[in-house]
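what shape does this take:
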Amino acid sequence: MKECVVPLWKKILERRRRDLKVETLKPWDMAVDPFNRPPLKPFDESQELIAKTKEIFNRLDKELGKQFTDMAGLGLLDLESRKGKAPGGYQTVLAEAKKPFIFMNAVGLDQDVRTLLHEAGHAFHAIAGSRQKFFTYRHAQMEFCEVASMGMELLAEDHLNVFYSPEDHARSKIHHLEDIVYTLAWVATVDSFQEWIYKNPTHTQEERSKAWQKCYDSFGGKFVDWTGLEQEKTNLWHRQLHVFEVPFYYIEYGIAQIGALQLWLSAKKNLKKTLQNYKSALKWGGSVPVPVLYKTAGLKFDFSSKTVSPLIKVLEKELQLKS
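So this is what the prediction gives:
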């Protein structure tokens, strides 16, 4: 991540700084549109979101399109936000019926489209895995579950023109790819910090704060100006609930994102074959080890520069950043 991802993250942030016309990027500069454009508005109501997402899946693969259409017809999509509805979004499985169910709070934002594509990837995984005889084999390991969902976000990328004009489509894509780079850097930050915590069980609060800042700066945090907000920077790791609730669980997202990017790169070369491999891997559920799932999907279960570097080069090209 330090060798391949951090340099690209630096370029992304430098472009953001130039676009905002500021001397340094402050934390609040990270969450605004650099050109002061209004939020993207891909749809108005949930039925429009469902209809256009159906079209995307039908374009990609008729089998996946039918599965999503069946979910909609069976009332397995609860997408629209309403008063009193619990927050968040997720995919779960109705175990006895062997059917997936997607819960969301869509309000018409770009992220809502991404969320549905992501959760649909999990749903396709659940449908494929439901054929496994043993209940515990119907659910794959987290290192691959998120390949199914993150990968579907990327596989659908070129078809978001069903929601957007060419200009808005490009804007949505850039935002998504930049977020992937940020996610890889952040996962590496959190994982390295968690490793330090448990390797140093007698550490003091001051030592922990210094360790966090070192980890954060190592993976791109130093590119943002926290002058006057030193205390906030020191405690920034508090935002990641995994550190408190599920120790060591977080690196799985980074592992899966590397797998999803490989899937994306493969699809650029041969979409039909990539989708065949993708669906074949989903059918295994959790009945085989993670490396076998990756191999079946045509991916490498490897996190070295040899695997990561080509993915980052493609991201850099798609983001229209100069090498």
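
CA only for contacts and neighbour counts going forward, please
Fine.

so for the host helix or strand of E206, mean pLDDT?
For E206, the enclosing helix or strand under DSSP states H and E is helix 205-218. Mean pLDDT, computed over helix 205-218, is 97.

not counting whichever helix or strand comes after that helix itself, show me its contacts.
Following helix 205-218 in sequence order, the next helix or strand is helix 230-234 (DSSP H and E). Here helix 230-234 makes contact (Cα atoms under 8 Å, 6 or more residues apart in numbering) with S209, K210, W212, Q213, W226.

got a winner among the residues you listed for most neighbours?
Highest neighbour count within the contacts of helix 230-234: W212, with 24 neighbours (other Cα atoms under 10 Å).

run through the residues that contact the nearest residue to it once chain neighbours are set aside.
Leaving aside its chain neighbours, W212 sits nearest to F193 (6.0 Å; criterion: Cα to Cα, 6 or more residues apart in numbering). Contact partners of F193, counting by Cα under 8 Å, 6+ apart, are A211, W212, C215.

and the residue nearest the centre of the chain, what helix or strand is that in?
Compute the mean C-alpha point of the chain, and by Cα atoms, centre = their mean the closest residue is M150, 4.8 Å away. Using DSSP H and E, the element containing M150 is helix 142-155.

go ahead and name everything in contact with that helix.
By Cα under 8 Å, 6+ apart, helix 142-155 touches 60, 114, 117-122, 124-125, 252-253, 255-257, 259-261, 263-264, 267, 278, 282, 290, 293-294.

run the chain-centre distance for the biggest helix by length in the chain.
Counting by DSSP state H, the longest helix found in the chain is helix 166-199. Here helix 166-199 shows a centroid-to-chain-centroid distance of 8 Å under the convention Cα atoms, centre = their mean, to the nearest Å.

tell me the buried residues in it?
For helix 166-199, the neighbour count (16 or more other Cα atoms under 10 Å) marks 168-170, 172-174, 176-178, 180-182, 184-194, 196-197 as buried.

rewinding a little: distance of the residue nearest to the centre of the chain relative to L261?
8 Å (Cα to Cα, to the nearest Å).

just give me the neighbour total for M152.
26.

what do you get for the one 10 residues further on?
Other residues within reach of V162 by the criterion other Cα under 10 Å amount to 15.

mind telling me what element K85 is part of?
Counting by DSSP H and E, no helix or strand carries K85.

and the closest residue to V314 other than its chain neighbours, what's its pLDDT?
Leaving out its chain neighbours, the residue that sits closest to V314 by Cα to Cα, 6+ apart is L265, at 7.8 Å. Confidence at L265, expressed as pLDDT, is 97.

isn't L265 right up against L311?
Yes - using Cα atoms under 8 Å, L265 is in contact with L311, at 7.3 Å.

is it possible to get a markdown table of the contacts of F193 that adds distance to E316?
Listed next are the contacts of F193 as a markdown table, based on distance: Cα to Cα, whole Å:
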| residue | distance to E316 |
| --- | --- |
| A211 | 30 |
| W212 | 28 |
| C215 | 24 |
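
nearest to A156 among those residues?
The nearest member of the contacts of F193 to A156, counting by Cα to Cα, is C215 at 33.6 Å.

for the nearest residue to that closest one once chain neighbours are set aside, give its distance to T183.
Of all residues not flanking C215 in the chain, T189 sits nearest, at 5.5 Å (Cα to Cα, 6+ apart). Noted for T189: a distance of 10 Å to T183, by Cα to Cα.

also R208?
22 Å.

do R171 as well
Per Cα to Cα, R171 is found 18 Å from T183.

then L13?
14 Å.

before we move on, what about M30?
Distance from M30 to T183, by Cα to Cα: 13 Å.
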